[in-house]
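> Got a predicted structure here, sequence first:
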Amino acid sequence: MARAIRVVVLGSGSWGTTVAALSARNTPTLVWSRNEETAREISTEHRNRRYLGERPLPESLRATSDLVEAAHEADVLVVGVPSDAVRETLEPIADELRAWVPVVSLVKGLEPGTRLRPTQVMAECLPGHPVGLLAGPNLAGEIADGMAAAAVVAMQDDAVAAALQPLFATPRFRVYRNTDVLGCELGGILKNIVAIAAGMAEGLSVGDNTRAMVLSRGLAEMTRLGEAMGASPRTFAGLTGMGDLIATCMSPSSRNRRVGEALARGMTIEEAVDALGQVAEGVKTAPTVLELAREYGVEMPIAAEVAAVVTGQRTPTDVYRGLRRVAPGDEEDIV
Ligand SMILES: NC(=O)C1=CN([C@@H]2O[C@H](COP(=O)(O)OP(=O)(O)OC[C@H]3O[C@@H](n4cnc5c(N)ncnc54)[C@H](OP(=O)(O)O)[C@@H]3O)[C@@H](O)[C@H]2O)C=CC1
Ligand SMILES: O=C(CO)COP(=O)(O)O
């Protein structure tokens, strides 16, 4: 009998641990933490209290703080560290992985400096491995609580995606497939910026019409950039686009939305990020996305306002007062 596929998850934050817990229900799973104490807590107490409180983790889920040991075990490698830590995490294990181990990104931010998407960084660090992602409206706490949700495994090769699907799926976690890796990845990255705008709106107590405007115009500019870069516009209407945008902008537990709310209440960006104690990818990604928008000749007025606030050039109040700055054009003018 063939042995079971072994999944290794790099990163023991809220989402890395939650995905590892899903996978551990289906197949042997090991999570790597850079923190020895967190690895011990997961393996022996079946908890990750810093990120998931008292939620119990499967007893079968093992953890290690030895990155090379983790790499040696992987039949499938899942990467769940923040975007600015992907390269430094993967470079040391490039020669430790077996050939052709599929790499699945959970990461929703661009690499600062290079402007590369996480799957591009992964392909650079781990040449020859199939690289894709798992994304969708997946707030970690809700999934760790067993609430129903859905996600997408995006891989260029649909056969690889089909093999990965059952590793993460549970009766309450539906996993779809998509071959538009670029569109699925950009959806998860760009919605974080709109979520900061939605958080600012929340902190300023705007009306529901304003909330809806931010979401729908946010989706329009996400789609516009995605199509200019070569993604399918249809992807942005799905789970990884509109789905993730709605979940993140509506949920008080979204870290990106919470940063926006804190800014609207007068905190500086440094205070807002410190208070969070977890990653909010939209903060560093907003200025980087603007550079991409310029390169592709695409208008992204919401991202521009968010970038101006997170870099301290404007306040949330100025931004919402400044909604009139850009004259409205044709609504259908997506590209
Ligand atoms: N949380 C969620 O609901 C979802 C998150 N995501 C995405 O998943 C990615 C990971 O986020 P999430 O788990 O939420 O983040 P958290 O902030 O909850 O955890 C980050 C994890 O990465 C580790 N880490 C941070 N910096 C480094 C580094 N330089 N080298 C190695 N490890 C590092 C942290 O270790 P330590 O604890 O030691 O600091 C921690 O284990 C992000 O891109 C996020 O956007 C995607 C979908 C849902
Ligand atoms: O990506 C997420 C939900 O799908 C998590 O969003 P936050 O990082 O804003 O919490």
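Received, thanks. Ligands and ions are numbered 1, 2, ... in the order given.
> burial count for the closest residue in space to residue 108 that isn't next to it in sequence?
Nearest-residue entry for residue 108: residue 188, 4.0 Å, with adjacent residues in sequence omitted and distances by Cβ to Cβ, 6 or more residues apart in numbering. All C-beta atoms are positioned from the backbone trio N, CA, C, and that covers glycine. By the criterion of other Cβ atoms under 10 Å, residue 188 has 30 neighbours.
> now residue 129
Count around residue 129 with other Cβ under 10 Å applied: 18.
> Just to check, it is in contact with residue 97?
Yes - look at residue 129 against residue 97 with Cβ atoms under 8 Å: they come within range, at 7.0 Å.
> Which neighbours do those two have in common?
Contact criterion Cβ atoms under 8 Å, 6 or more residues apart in numbering; residues shared by residue 129 and residue 97: residue 77.
> who's in contact with the residue positioned nearest the centre of the chain?
Compute the mean C-alpha point of the chain, and by Cα atoms, centre = their mean the closest residue is residue 108, 2.9 Å away. Residue 108 makes contact with 83, 118, 135, 188-189, 191-192, 281, according to Cβ under 8 Å, 6+ apart.
> and which of those residues is nearest to residue 26?
Of all the contacts of residue 108, residue 135 has the smallest distance to residue 26: 18.8 Å, by Cβ to Cβ.
> show me the contacts for the closest one.
Here residue 135 is in contact with 106, 108, 151-152, 154, 184-185, 187-188, 239-240, 244 (Cβ under 8 Å, 6+ apart).
> Could you rerun that using 6 Å?
Applying Cβ atoms under 6 Å, 6 or more residues apart in numbering, we find residue 135 in contact with 152, 184, 188, 240.
> So which of the contacts of residue 108 belong to strands?
Using DSSP state E, the members of these that fall in strands are residue 135.
> most neighbours, which of the contacts of residue 108?
Among the contacts of residue 108, the one with the most neighbours (other Cβ under 10 Å) is residue 191, at 32 neighbours.
> Ligand 1 contacts on the stretch 201-335 of the chain?
Within the stretch 201-335 of the chain, the residues that sit near ligand 1 (Cβ under 6 Å from any ligand atom) are 278-279, 281.
> In CSV: these, plus distance to ligand 2 and pLDDT.
Converted to CSV, those look like this (distance: Cβ to the nearest ligand atom, whole Å; pLDDT from 0 to 100):
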residue, distance to ligand 2, pLDDT
278, 8, 93
279, 7, 93
281, 6, 98
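> ranges for the strands of the protein?
7-10, 29-32, 62-64, 76-79, 103-105, 131-135, 149-154, 173-178.
> Which neighbouring elements make contact with the fourth one?
Which is strand 76-79. When contacts are defined as 3 or more Cβ pairs under 6 Å, 6 or more residues apart in numbering; DSSP states H and E, strand 76-79 packs onto strand 7-10, strand 103-105.
> ok so, going back, mean pLDDT for the strands of the chain - can I get that in TSV?
Output for these, formatted as TSV (pLDDT from 0 to 100):
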stretch	mean pLDDT
strand 7-10	99
strand 29-32	98
strand 62-64	98
strand 76-79	99
strand 103-105	99
strand 131-135	98
strand 149-154	98
strand 173-178	98
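> quick one, which of those is nearest to residue 309?
Residue 309 lies closest, by Cβ to Cβ, to one member of the strands of the chain: strand 131-135, at 25.4 Å.
> now check that closest one, is it near ligand 2?
No - using Cβ under 6 Å from any ligand atom, strand 131-135 never reaches ligand 2; the gap is at least 7.3 Å.
> In the sheet, which strands lie alongside that strand, parallel or antiparallel?
Strand pairing for strand 131-135, determined by DSSP bridges: strand 103-105 (parallel), strand 149-154 (antiparallel).
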